[in-house]
Structures are given as structure tokens and as C-alpha cells.
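Q: I'd like to go over a predicted model; first the sequence, then the structure.
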Amino acid sequence: MDGEIVAIYPGSFDPVTNGHLDIIERGTGIFDRVIVAVLVNVAKNPLFTLEERLEMLRDATSRWPNVVLDTFDGLLVSYAAERQARVILRGIRAVTDFEYEFQMASMNRRLAPDIETVFMVPAEAYSYLSSSLVKEVVSLGGSVAGLVPSMVEQFLHVRIQRKDSGKQV
Ligand code: PNS
């Protein structure tokens, strides 16, 4: 559609949390289309494969008709230009996120001045939530109910238990 505002919401999503979904939902209310773009080459050794991360995202985002899932590799701004997206959407939880996000937004603007980074703040209940904390809590036997979709909870338990049983062999 002409004049349609497309936003890219990029990330590792290893795995998707309710904090990510909160930002996606806010994005769907503002932009015509939100492309959730999963980074293919995550340097930090992901727990879940690309296909698993996509499967959890597919299940969690199917309720929003203007959300599209995709994967990307290489420079984010090149991918955004390819998808004719004018916006990069990022969530900011606390001041500690700011420096990294500011650096990325500034570098992305230098590389592609026409693409605007838009920051959104998730609901307070998710202000401390991150994929890495979720993985840590589950690996130490804690509950993450209410912080991730139930499918993600199941995936985490299966993966982390499997890892543990692997260690015992
Ligand atoms: O979920 P994350 O790990 O916070 O997402 C980080 C992501 C994917 C947004 C960032 O690593 C990224 O944009 N990677 C693509 C490579 C790139 O464009 N690098 C230059 C950014 S300034």
C-alpha cells in the first residue's frame, strides 16, 4: 500500500518474552505493518535455533494481522531498506539500555539517514525482563510464568532439562 508505514522490530528473540510482545503490540497500534526480524547470526551462542525462535514467535504473534515474521543477516539498515521500512522499532526498559541503543540508533542514522529509530517503553511489569534472565531463572529451577508465553515456557523446560540430562551422561 502506498504511504504505508512499515516498522522493523529487530532482535535475537532467544526466546521471545512478554516484554517483546508488549512492544510488538504497541507497534501494531501505531504502524501499518510491523516486521519482526530475527537476527540469523547471533554472536552470543543462542539457546534456540533460528527455526525454534521463529516457531515461538509465530505462535505468540498470530493474533496480530499486521505483524510479519522474517529473518535477516548483515546490516540492519540494508535489510530495512530492502523491506522499504522507514522505522526501526526498539524497546527501552531502563536507563541502562540507553547507551547501547543510542549508539546503535546513531550509527544506523549515519548509515541510512532516511530510516528513523523509534523507541517505545514496555509496561512497567516487564521493565526488568530480558531473554537472558529468563534463561538463567529457568536453568536454576525458578518459575517464569507470566513473563513468557506458555509455549516458550515449555520450550525452555524441554531445552534446559535436556541440557542438564546431557551433562549427567
Ligand atoms: O535482541 P538484541 O540482541 O538486542 O538485538 C540486537 C540487534 C539485532 C538489533 C543488533 O545486533 C543489530 O542490528 N544487528 C545487525 C547488524 C548491524 O546492523 N550492526 C550495526 C548496528 S549499529
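A: Great, that's in hand.

Q: residue boundaries of the strands in the protein?
A: Using DSSP state E, the strands assigned to the chain run over residues 6-11, 33-39, 67-72, 87-91, 116-120.

Q: pull out the buried positions in the second one.
A: What that stands for is strand 33-39. Of all the residues in strand 33-39, those buried under the rule 16 or more other CB atoms under 10 Å are 33-39. Heads up, the C-betas are built off the backbone N, CA and C, glycines and all.

Q: give the pairing partners of it; include direction for each.
A: When pairing is defined by DSSP bridges, strand 33-39 lines up against strand 6-11 (parallel), strand 67-72 (parallel).

Q: out of those, nearest to the ligand?
A: Taking CB to the nearest ligand atom, strand 6-11 is the member of the strands paired with strand 33-39 nearest to the ligand, at 3.2 Å.

Q: give me the contacts around that closest one.
A: The contact list for strand 6-11 (CB atoms under 8 Å, 6 or more residues apart in numbering) reads 20, 23-24, 27, 30-39, 72, 76, 79-80, 83-90, 118.

Q: same question for stretch 84-103.
A: Under the contact criterion CB under 8 Å, 6+ apart, stretch 84-103 has outside partners 5-10, 19-20, 22-23, 27, 31, 34-35, 76-77, 80, 104-105, 108, 114-122, 126-130.

Q: filter the residues you listed down to just the buried residues.
A: Buried members of the contacts of stretch 84-103, counted by 16+ other CB under 10 Å: 6-10, 19-20, 22-23, 27, 31, 34-35, 76-77, 80, 105, 108, 115-117, 120, 122, 126, 129.

Q: T28: what's its closest spatial neighbour, skipping adjacent residues?
A: Nearest in space to T28, with sequence neighbours left out and distances taken as CB to CB, 6 or more residues apart in numbering, is W64 at 4.8 Å.

Q: so that neighbour sits right up against E25, yeah?
A: Yes. With contact defined as CB atoms under 8 Å, W64 counts as touching E25 (7.0 Å).

Q: related to what we said a few turns ago, so which of the contacts of strand 6-11 reach the ligand?
A: Contacts with the ligand within those, counted by CB under 6 Å from any ligand atom: 39, 76.
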